[in-house]
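kindly generate the corresponding structure for this input.
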Amino acid sequence: MAPFAGFDMPISYPLGSVEEHLVTRRSVGLFDIDHMGQVEVTGPGADAWVSSLVSARILDMKDGDARYSLLLNDRGTVIDDLFIYRLPGAWWIVVNASNRLEDLAWMRAHAPASADVRIVDLSAETYMIAVQGPRAIELLDLLSDRKISDFPRFTSGKATIMGVPCLVGRTGYTGEDGVELFFPAESAEALWTGLIAEGAKHDIETQAIGLAARDSLRFEAGMPLHGHELSQDISPLESGFKWACDMEKDFIGKAAIEKLAAEGVSRKLVGLAVTGGVPREGFEVQDASGRKVGMVVAGMFCPTAKVFAANAFVEPGVGKIGTALAVAIRGKPAPATVVKRPLYIPAYRR
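Alright, predicted model coming up:
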């Protein structure tokens, strides 16, 4: 266990982080992600206001759709990354735990003075569990009052699972198929233990997964973690997330992105395969002459790809796939090669 965003969180369970990672890749992993925040936005002005606040195109979303987006500041850097769900009469916005209070303050500071937009933080009463893996939908179909497999990816809908009413988002943070469940907090223990028990009953391996495996799963699948690949010091143009910005509409931070696009970026996010040590955040990236050309923002052993790898921001001139670089580990250069990201192709892209 370790403190994280005001919660005591499991780094790993007795299974161990590597095996937890592999279970999620082959069967079903359960993730207690109640530390995430949930914000509901309603009112006659909600559609236009949410559209102006976030980077993605959202006004074309139909009820039930889910979409990834960024919350940017005026400098065009990332306050947070979000999942936005279009519900009947409301927007359901899922934010990162460590950014929840700052996100809410930003939203309220930029809300219209009239009552046209209502912002409600529902994090305390809402629990969130992710059910991820190639057999996750199979398991949930057995336990739900409607077939979860009928929900297309990146949509949502209501279902009762083991007697618990849930908002089911066909979304996730592992690179595998699965869902994220939102439901009343008082049902958390019953649903969590019930899913594990029902998995065993139906011979579907279902295990609890901690933060360490969650990080390696998202890393392999090329998904960002705020504070590493995204932050208020990083532009979406530098991290390769321009695709999450609809440049045909107005939103906070758009002008700064356009300015940086015209000037050109001075760094870009790349993947590195590293030999001779474990790359860690803050380690220096060097070229063949030993000159510093960048910095590691995340690094680890990847259990599926079976490689030590890093994400690093480097000078654009050394960012081409195949370029030989080095990561300074304990003062010594460890050979590194720029590789294509992601290391593991997410299920929704296959």
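
what's the burial count for residue 153?
15 (other C-beta atoms under 10 Å). All C-beta spots, glycine's among them, are computed from the backbone N, C-alpha and C.

correct me, but it touches residue 170?
Yes - between residue 153 and residue 170 there is a contact under C-beta atoms under 8 Å: 4.9 Å.

which positions within stretch 19-29 qualify as buried?
Using 16 or more other C-beta atoms under 10 Å as the test for burial, stretch 19-29 gives 19-25, 27-29.

tell me which of the residues you listed fall in helices.
Members of those lying in helices (criterion: DSSP state H): 19-25.

including pLDDT, could those go into TSV?
TSV is the format used below for those (pLDDT from 0 to 100):
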residue	pLDDT
19	98
20	98
21	98
22	98
23	98
24	98
25	98
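
ok, which stretches of the stretch 1-150 of the chain are helices?
17-26, 46-53, 100-109, 136-143 (DSSP state H, counting those that start in this stretch).

which residues of the stretch 101-250 of the chain score low on pLDDT?
Nowhere does the stretch 101-250 of the chain drop to pLDDT under 70.

strands along that one, start to end?
118-121, 126-132, 156-161, 164-169, 178-184, 206-209 (DSSP state E, counting those that start in this stretch).

would you map out the domains in this protein?
2-218, 266-342 (automatic domain parsing).

residue 350: which of those is closest?
Closest to residue 350 of the domains of the chain, according to C-beta to C-beta: domain 2-218, at 9.7 Å.

leaving out sequence neighbours, find the closest residue to residue 294.
Of all residues not flanking residue 294 in the chain, residue 314 sits nearest, at 3.2 Å (C-beta to C-beta, 6 or more residues apart in numbering).

the one you found and residue 325, how far apart?
7 Å (C-beta to C-beta, to the nearest Å).

ok so, going back, give me every residue that touches the residue nearest to residue 294.
267-268, 270, 285, 293-294, 325, 338 (C-beta atoms under 8 Å, 6 or more residues apart in numbering).

one step back: of the ones in helices among the buried residues of stretch 19-29, closest to residue 246?
Once C-beta to C-beta is applied, the member of these that ends up nearest residue 246 is residue 24, at 31.8 Å.

report the contact partners of the closest residue to that closest one other than its chain neighbours.
Excluding the flanking residues, the one nearest residue 24 by C-beta to C-beta, 6+ apart is residue 133, at 4.9 Å. By C-beta under 8 Å, 6+ apart, the contact set of residue 133 is 23-29, 174, 176-178.

now do the phi/psi pair for residue 232.
phi -80, psi 0 (degrees, to the nearest 10).

quick check, it in contact with residue 80.
No - applying C-beta under 8 Å, one finds residue 232 not in contact with residue 80, separated by 9.2 Å.

comparing those two, which shows the higher neighbour count?
Higher neighbour count among residue 232 and residue 80: residue 80, with 23 against 15, using other C-beta under 10 Å.

and the gap between residue 154 and residue 135?
20 Å.

okay, the two: which has more neighbours?
Taking neighbours as other C-beta under 10 Å, residue 154 and residue 135 compare with residue 135 leading, 20 against 17.

so what's the backbone phi/psi at the more buried one?
Torsion angles, degrees, to the nearest 10, at residue 135: phi -110, psi 10.

contacting residues for the nearest residue to residue 252 once chain neighbours are set aside?
Using C-beta to C-beta, 6+ apart and skipping residues adjacent in sequence, the residue nearest residue 252 is residue 72, 5.7 Å away. Counting by C-beta under 8 Å, 6+ apart, residue 72 touches 55, 78-79, 236, 251-253, 256-257.

having no further points to raise, I will conclude here.
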